[in-house]
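> What shape does this take:
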Amino acid sequence: MGVIRRQSLKHSAVNVVGLGVGAVSTFFVYPHALEAYGLAQVLLSVGMVGLPILSLGANSVAIRFFPRFQDKSTGHNGFLPLLIALCAMGCAFCGLIAWAFWGSFSTVLETKSPLLREYLWMGFPLAFCYITSSVLAVYSSNFKRIVVPSLLLDFSQKLALPILLIAVWKEWLPLNTAMTGLLLHAALVTTGLILYLRHIGEWHWRPNWAFVTPALRREMLQFIGFGAFGGFALLVAAKSDVFMVGSLSAVKAAGVYAIAAYLGTVLEIPAKSLYGASVSSVAKYLAEDNRIELEKLYKSVSINLLLAGLLLFGCIWISIDSLFGLLPKGDELAAGKWVFLFIGLSRVVEIGTGLNNYMVYYSQYYRYSLLSLGILAAANVLLSIWLIPILGITGAALATLLSITGYNAISLGLVWLKFRLFPFTQDTLKAIGLALATYFVANLIPISGYALLDLLLRSGFFALIFSVLALKFRVSEDLNALEKMLRAKLGK
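Residues are numbered from 1 along each chain as shown. Just a heads-up that it's a prediction; the model follows:
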């Protein structure tokens with residue numbers, strides 16, 4: 001895992017800095033502009049949830065079929081123009097559907113969320129820029145280039161959005177100008193990714209339609225159908241919560257939900273790094289039917305991500321009340337405490353199961369998960385419609401937890417049945433046991449009443465003890481190897 005480890009560490013460093021910027025913004029900027037923040041999150045969620053449909057599965061095709069097209073001398077046989085063509089066709093198709101139903105949906109929003117009705121049109125150009133940028137970023141990962149695309153796609157938004165919302169908060173800019181600025185930023189990100197691919201010599205724009213034989217075309221169309229509708233179903237199950245809250249209640253409630261859910265996304269930082277560096281290897285090992293290397297990667301990624309997820313979840317949950325006590329409008333935001341619990345647990349479940357979803361996506365068995373994805377997506381929407389009126393924003397988080405847990409359980413079963421591979425070992429039980437024991441001990445620390453002091457003591461104690469125990473019991477060989485490497489470097 002040498003290359004994967006190096007790319008993951010660099011990517012994690014970028015994400016840690018982004019986490020710091022995002023934390024400051026989430027805790028000290030967004031509470032002062034909850035309505036504007038909620039609106040921005042709902043608009044951005046259109047592209048996030050619609051990515052597979054709007055791109056016609058190009059985000060999955062970019063990884064799954066690259067080994068077949070790969071040939072630098074021929075510009076990878078026109079693979080990049082093919083991906084962009086899929087995005088264009090997907091956006092045109094969805095645009096026609098949106099136009100056909102625009103009147104009916106606008107009427108519904110008029111009473112439930114009039115502000116969203118006024119700005120919803122912006123969701124479509126934002127979505128086009130987002131899906132194009134996402135596909136270009138995934139394409140870059142085939143060349144083990146994940147750091148710069150992450151800077152452009154993720155980190156830059158963590159800077160742009162709070163700057164625009166500070167301007168709204170301080171009344172330097174009206175809301176419509178700030179939303180236009182958000183759209184301009186999305187267009188600049190797409191342009192930046194194009195220039196980056198040109199810089200690394202991988203912007204090959206000459207199509208080679210003759211390379212796509214009838215057999216390959218048929219295989220790709222079948223996979224595109226899965227990638228578009230299956231991926232859409234997965235994102236509906238996992239990412240539609242903000243949009244559902246914004247549609248079924250006030251946009252301001254979506255702002256509170258998004259801030260609480262942001263704490264859950266902290267758990268995804270190590271996952272994004274390892275997934276970004278590992279998925280191309282998954283596709284390669286599957287293409288070569290290299291079960292030995294695939295199993296090693298599967299188990300390694302699972303335990304490493306589980307440790308990281310438990311560490312971050314424990315640090316936040318043990319001090320959640322103190323954390324909200326430090327925030328502006330903390331009493332109002334404290335309603336998101338249980339949102340974090342359910343969203344955080346869903347992230348631990350998702351990353352703890354490792355690469356199982358990618359192994360199904362990029363194998364010949366991808367069709368098996370299409371039905372389960374559709375059922376889970378429908379279940380998430382129906383659960384949200386049922387639970388949000390009863391439990392409010394907590395209901396949306398609970399629906400997400402149930403959907404994610406169910407889907408990953410099915411994926412685990414598929415990987416075991418088709419590959420006879422399982423990500424969990426005795427180290428998995430060790431990690432969970434150590435995290436629970438550390439939490440109960442750390443929870444014995446008395447609360448002083450000073451929020452910052454309590455947060456530092458309780459979270460710091462949990463992080464220190466859990467990390468020491470994980471190293472002591474050698475839960476992850478990669479973690480111990482990293483600790484040994486850091487010791488050697490510090491020694492020099």
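> Check the offset of stretch 70-85 from the chain's centre.
Taking CA atoms, centre = their mean, to the nearest Å, one finds the center of stretch 70-85 at 27 Å from the center of the full chain.
> swap that for stretch 41-48, sorry
On the basis of CA atoms, centre = their mean, stretch 41-48 sits 13 Å off its chain's mean C-alpha point.
> Output that stretch as PDB, restricted to C-alpha atoms.
Backbone C-alpha positions of stretch 41-48 (Å, rounded to 0.1, in the frame of the first residue of the first chain) are rendered in PDB as follows:
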ATOM      1  CA  GLN A  41     -27.000  23.300   1.100                       C
ATOM      2  CA  VAL A  42     -30.300  22.400  -0.500                       C
ATOM      3  CA  LEU A  43     -29.200  23.800  -3.900                       C
ATOM      4  CA  LEU A  44     -25.800  22.000  -3.700                       C
ATOM      5  CA  SER A  45     -27.600  18.800  -2.700                       C
ATOM      6  CA  VAL A  46     -29.300  18.700  -6.100                       C
ATOM      7  CA  GLY A  47     -26.000  18.000  -7.800                       C
ATOM      8  CA  MET A  48     -24.800  15.600  -5.100                       C
END
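> How is the chain partitioned into domains?
Per the record, the chain has its domains at 2-424, 425-492, by automatic domain parsing.
> any idea which of these scores lowest on pLDDT?
With a mean of 78, domain 2-424 has the lowest mean pLDDT of the domains of the chain.
> export the domains of the chain to JSON lines and tack on mean neighbour count?
For glycine as for every other residue, the C-beta is placed from the backbone atoms N, C-alpha and C. Formatted as JSON lines, the domains of the chain follow (neighbours: other CB atoms under 10 Å):
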{"stretch": "domain 2-424", "mean neighbour count": "19"}
{"stretch": "domain 425-492", "mean neighbour count": "15"}
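> List the single closest residue to Ile388 in space, sequence neighbours excluded.
Closest residue in space to Ile388, ignoring its immediate chain neighbours: Gly395 at 4.5 Å, by CB to CB, 6 or more residues apart in numbering.
> And the helix or strand containing the one you found, how far out from the chain middle?
Per DSSP states H and E: Gly395 is located in helix 393-419. Centroid separation between helix 393-419 and its chain, computed with CA atoms, centre = their mean, is 15 Å.
> need the next SSE after that helix, C-terminal direction.
Sequence order places helix 426-442 as the next helix or strand after helix 393-419, per DSSP H and E.
> What is that next one packed up against?
When contacts are defined as 3 or more CB pairs under 8 Å, 6 or more residues apart in numbering; DSSP states H and E, helix 426-442 sits against helix 291-317, helix 451-472.
> Now find how far off-centre the longest one is within its chain.
Looking back up the chat, that one is helix 291-317. Averaging C-alpha positions (CA atoms, centre = their mean) puts helix 291-317 16 Å from its chain's average.
> Just list what that helix packs against, helices and strands only.
helix 269-288, helix 337-352, helix 356-361, helix 393-419, helix 426-442, helix 451-472, helix 477-491.
> I'd like the next helix or strand past it.
Following helix 291-317 in sequence order, the next helix or strand is helix 320-326 (DSSP H and E).
> for the helix or strand following that following helix, packing partners?
Downstream of helix 320-326, the next assigned helix or strand under DSSP H and E is helix 330-333. Contact here means 3+ CB pairs under 8 Å, 6+ apart; on that basis helix 330-333 packs against helix 251-265.
> Contacts made by stretch 24-32 with the rest, please.
With contact meaning CB atoms under 8 Å, 6 or more residues apart in numbering, stretch 24-32 is reached by 37, 158, 161-162, 165-166, 169, 255, 258-259, 262, 326-329, 332-333.
> Could you do stretch 324-335 as well?
Residues from elsewhere that reach stretch 324-335, judged by CB under 8 Å, 6+ apart: 27-28, 31-32, 34, 256, 259-260, 321, 336-337, 392-393, 451-452, 455.
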